[in-house]
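>>> let me see the structure of the following:
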Amino acid sequence: MTAYDDDDVAGRSRTIADLEQKLKNVSAERDELFEQQAATAAILRVIGGSRFDLRTVVDTIARSACQICKADLGAVSLRDGDTLTTLGVFHTDRKMADMVRQIPIKIDDQSYVGRTVLTGIPSTVSDFETHRKTNLYTFRKALGFKSIMFVALMREGRAIGVFSMARNSEGEFVQRDIDLVNTFADQAVVAIENVRLFEEVRQRSDELAQSLDELRSAQNRLVQTEKLASLGQLTAGIAHEINSPIGTGLTIASSLVLRCNAFVGEQAAGSLRRSQLDAFVAGARDAANLLVANLERASELVRSFKQVAVDETAADRHSFDLGLATSQMLATLRPHLNGLDVTVETNVPDGIVITSYPDLYGQMLSNLFINAVVHGLAEMPRGFIRISARREADQVEIVFSDNGKGMSDEVRRLAFDPFFTTNRNQGGTGLGLHIVHNIVVQRFRGTIKLESGPGRGTTFVILVPLNAPG
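So this is what the prediction gives:
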């Protein structure tokens with residue numbers, strides 16, 4: 001056996017005691033660390049769950065800081081001009097907490113708390129006898145505290161408030177306590193910043209909502225104004241277009257009445273000659289022909305005006321094959337090509353079945369076709385018209401194009417306006433493309449785009465739903 005002297009035994013005993021103490025210290029530090037982590041987790045949960053209730057958050061931060069630092073009072077005060085407003089307070093006595101919350105705090109260099117806010121440097125007080133003539137001594141005497149600590153809440157290098165801690169028991173606040181409270185102060189600043197950002201976002205959202213309401217109101221007013229302007233333009237156009245045949249017919253009828261009265265007078269006087277009778281009959285026949293022509297013109301205009309309205313009661317909505325409907329319509333339109341060297345090409349795949357208004361589709365196709373023949377291809381030595389269609393998800397794209405003379409920018413801009421025409425001297429009313437636009441937009445609930453340029457032909461790209469609204 002090995003013999004040990006007393007010094008060896010004593011040395012080994014001290015070593016064991018030191019190791020045990022270190023183990024206890026490590027265990028205590030571990031427990032403190034776990035406690036700090038648990039407190040931080042609790043605060044983060046509160047910040048996440050009550051981020052818009054700042055008082056709840058700072059109350060929780062104050063309570064957690066008191067638990068970790070073994071303090072009896074924790075208070076979070078925010079800067080408001082030259083004063084501090086206490087928002088979050090923890091104290092075992094609720095009445096005491098309410099009293100602390102109501103104590104006014106002025107920010108100046110005459111007090112520890114004021115200097116902490118002004119400088120951002122933490123401060124501690126445990127010797128209150130040197131502060132007998134200050135509010136700090138009165139505050140301490142009323143609440144029975146033996147040591148107080150102040151830590152600034154810093155944001156972007158500026159103090160926005162102060163974190164106050166106080167103990168009733170003996171023991172000054174040390175640097176470790178200051179470091180811990182700094183951590184809690186940072187969490188308080190995060191919570192305050194969250195609320196500030198939320199308030200800014202909410203205010204901005206309210207402003208945007210108000211702006212959106214104002215925009216919608218302005219849009220509605222604009223739509224109503226445009227409707228009234230369109231109605232006025234339509235009314236003026238109708239009056240202008242009908243005025244010509246009706247006015248001409250009225251003039252002819254008035255002249256015919258005068259000639260009839262003169263003829264009756266001549267007949268009654270017995271001075272009527274054969275030549276006068278022949279002249280009267282010829283004039284009456286010419287007047288009648290002119291009256292019929294002008295009345296037919298007026299009747300045609302009225303029919304066109306009815307088409308502009310796209311009469312809903314006349315449209316029959318059902319399913320039909322787009323390719324078959326296109327072929328049938330083109331068969332009735334080919335006579336309009338007599339005397340013209342125009343090729344008509346179609347590329348509408350079989351099986352595109354849509355639920356829509358076949359009569360209106362035929363009217364749309366007819367107006368586009370006649371518009372191309374009359375305005376685009378009449379002076380072309382050789383022309384073509386192409387009609388194609390393809391399905392896109394729940395829509396169909398229909399493309400109608402020609403290689404005619406095209407349109408200028410001004411004509412293209414006004415093409416869909418009612419009564420705008422470049423062919424009025426030859427009987428154009430300017431309603432064909434306007435009717436097409438109404439059919440596509442109002443009845444099919446689709447879109448129509450016009451692409452054209454001088455010498456580049458004209459293309460209409462029409463997008464309509466497979467299932468047109470009833």
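
>>> which helix is the longest one in the chain?
helix 175-269 (DSSP state H).

>>> I'd like to know which elements that helix is packed against.
In terms of contacts (3 or more C-beta pairs under 8 Å, 6 or more residues apart in numbering; DSSP states H and E), helix 175-269 is packed against helix 6-49, helix 54-69, strand 147-155, strand 158-167, helix 274-308. Where you see a C-beta, it was placed from the backbone N, CA and C, and this is true even at glycine.

>>> model confidence over the second one, on average?
This points to helix 54-69. Helix 54-69 carries an average pLDDT of 79.

>>> tell me the strands beside the helix or strand following that helix, with direction?
Note on helix 54-69: by DSSP states H and E, the next helix or strand toward the C-terminus is strand 73-80. Counting by DSSP bridges, the strands paired with strand 73-80 are strand 83-91 (antiparallel), strand 158-167 (antiparallel).

>>> want to throw the ones you listed into a markdown table with mean neighbour count, distance to Asp278 and mean pLDDT?
Listed next are these as a markdown table, based on neighbours: other C-beta atoms under 10 Å; distance: least, C-beta to C-beta, whole Å; pLDDT from 0 to 100:
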| stretch | mean neighbour count | distance to Asp278 | mean pLDDT |
| --- | --- | --- | --- |
| strand 83-91 | 20 | 112 | 78 |
| strand 158-167 | 23 | 111 | 85 |
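
>>> include distance to Tyr112 when you put those into JSON lines, please.
Shown next, in JSON lines, are the strands paired with strand 73-80 (distance: least, C-beta to C-beta, whole Å):
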{"stretch": "strand 83-91", "distance to Tyr112": "12"}
{"stretch": "strand 158-167", "distance to Tyr112": "10"}
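
>>> out of these, flag the one nearest Val348.
Closest of the strands paired with strand 73-80 to Val348 is strand 158-167, at 70.9 Å (criterion: C-beta to C-beta).

>>> which residues does that closest one contact?
The set of residues external to strand 158-167 that reach it, using C-beta atoms under 8 Å, 6 or more residues apart in numbering, is 65-66, 69-79, 84, 113, 116-120, 143, 145-154, 173, 177, 181, 184-185, 188-189, 192.

>>> what about Ser147, how many residues nearby?
21 (other C-beta atoms under 10 Å).

>>> from the structure, what's the count of residues near the closest residue to it other than its chain neighbours?
What sits nearest to Ser147 in space, not counting adjacent residues and going by C-beta to C-beta, 6 or more residues apart in numbering, is Ser126, at 4.2 Å. By other C-beta under 10 Å, 14 other residues sit near Ser126.

>>> also Glu296?
11.

>>> can you check the one 3 residues further on too?
The criterion is other C-beta under 10 Å. On that basis, Ser299 has 11 neighbouring residues.

>>> what's the spacing between it and Asn438?
Going from Ser299 to Asn438 by C-beta to C-beta, to the nearest Å gives 21 Å.

>>> and Ile107, what does it touch?
Arg79, Asp82, Thr83, Leu84, Val113, Gly114, Val117, Leu118.

>>> make a markdown table out of those residues and add distance to Arg158.
Below are these laid out as a markdown table (distance: C-beta to C-beta, whole Å):
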| residue | distance to Arg158 |
| --- | --- |
| Arg79 | 9 |
| Asp82 | 15 |
| Thr83 | 16 |
| Leu84 | 14 |
| Val113 | 16 |
| Gly114 | 15 |
| Val117 | 10 |
| Leu118 | 11 |
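
>>> was I right about Arg317 contacting Asn467?
No. In this structure Arg317 lies outside contact range of Asn467 using C-beta atoms under 8 Å: 9.7 Å.

>>> more neighbours, those two?
The neighbour count for Arg317 versus Asn467, taken as other C-beta under 10 Å, is higher for Arg317 (17 against 14).

>>> contacting residues for the spatially closest residue to the more buried one that is not a sequence neighbour?
Of all residues not flanking Arg317 in the chain, Tyr357 sits nearest, at 5.4 Å (C-beta to C-beta, 6+ apart). Shown here is Tyr357, whose contacts under the criterion C-beta under 8 Å, 6+ apart are Ala315, Asp316, Arg317, Arg443, Phe444, Ala468.

>>> now Tyr357: how far from Val464?
10 Å.

>>> shared neighbours, these two?
Phe444.

>>> ok so, going back, ranking the helices and strands packed on helix 175-269 by mean pLDDT, which is last?
Looking at the helices and strands packed on helix 175-269, the weakest mean confidence is helix 6-49, a mean of 58.

>>> what kind of secondary structure is Ser388 in?
strand (DSSP: H, G, I helix; E, B strand; the rest coil).

>>> actually Asp316, not the one I typed
coil.

>>> next one: the nearest residue to it once chain neighbours are set aside from Ile439, what distance?
Nearest residue to Asp316 in three dimensions, chain neighbours excluded: Asp359, at 6.2 Å (C-beta to C-beta, 6+ apart). In this view, Asp359 and Ile439 are 10 Å apart by C-beta to C-beta.
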